[in-house]
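Asks: pasting the structure only:
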């Protein structure tokens with residue numbers, strides 16, 4: 001009922017930048033929290049950043065000051081601007097969106113398919 005389409009991953013050198021995008025579509029009445037998570041090989045999935053309807057943000061300590069999350073409520077899209085990338089930022093990045101479905105269908109909590117970010121020289 002809700003589809004998330006991610007884009008923007010790729011290969012970048014240390015110190016470089018990437019911008020991830022995630023667009024939500026489907027039977028959406030409203031969106032609450034939008035966020036980005038990542039999972040590196042052999043590690044658990046972890047929160048990178050999230051943003052609420054009122055644009056309150058939370059960041060993992062490891063990315064604070066380097067990454068910026070933003071959302072476009074009109075387009076149901078969330079962005080993650082990643083600067084000063086480090087090799088340890090290498091992971092699959094997943095978009096997560098939760099909110100309320102239209103037509104009294106209840107709530108939703110959806111995940112994107114993941115996009116690979118590789119930071120290497």
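Replies: Received it, and whenever you're ready, just let me know what you need. Everything quoted here is computed from the prediction, not taken from an experiment.

Asks: center of this structure, which residue is that?
Replies: residue 36 (2.7 Å; C-alpha atoms, centre = their mean).

Asks: Can you get me a residue count around residue 64?
Replies: Under the neighbour criterion other C-beta atoms under 10 Å, residue 64 is assigned a count of 12. (Each C-beta comes from the backbone N, C-alpha and C, glycine too.)

Asks: Next: the one 3 residues further on.
Replies: When counting by other C-beta under 10 Å, one arrives at 21 neighbours for residue 67.

Asks: Spit out the contact partners of the residue nearest to it when sequence neighbours are not counted.
Replies: Sequence neighbours aside, residue 82 is the residue nearest to residue 67 in space, at 5.1 Å (criterion: C-beta to C-beta, 6 or more residues apart in numbering). Residue 82 sits next to 17, 18, 19, 20, 63, 66, 67, 89, 117 when contact means C-beta atoms under 8 Å, 6 or more residues apart in numbering.

Asks: can you count the residues close to the third one?
Replies: Just to be clear, that refers to residue 19. Using other C-beta under 10 Å, residue 19 has 14 neighbouring residues.

Asks: Okay, strands next: where are they in the chain?
Replies: In the chain, the strands defined using DSSP state E lie at 2-7, 10-12, 18-26, 28-39, 46-51, 57-59, 67-72, 77-82, 91-101, 107-111, 115-119.

Asks: now those strands as a markdown table including mean pLDDT?
Replies: Shown next, in a markdown table, are the strands of the chain (pLDDT from 0 to 100):
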| stretch | mean pLDDT |
| --- | --- |
| strand 2-7 | 96 |
| strand 10-12 | 98 |
| strand 18-26 | 98 |
| strand 28-39 | 97 |
| strand 46-51 | 98 |
| strand 57-59 | 98 |
| strand 67-72 | 98 |
| strand 77-82 | 98 |
| strand 91-101 | 97 |
| strand 107-111 | 97 |
| strand 115-119 | 98 |
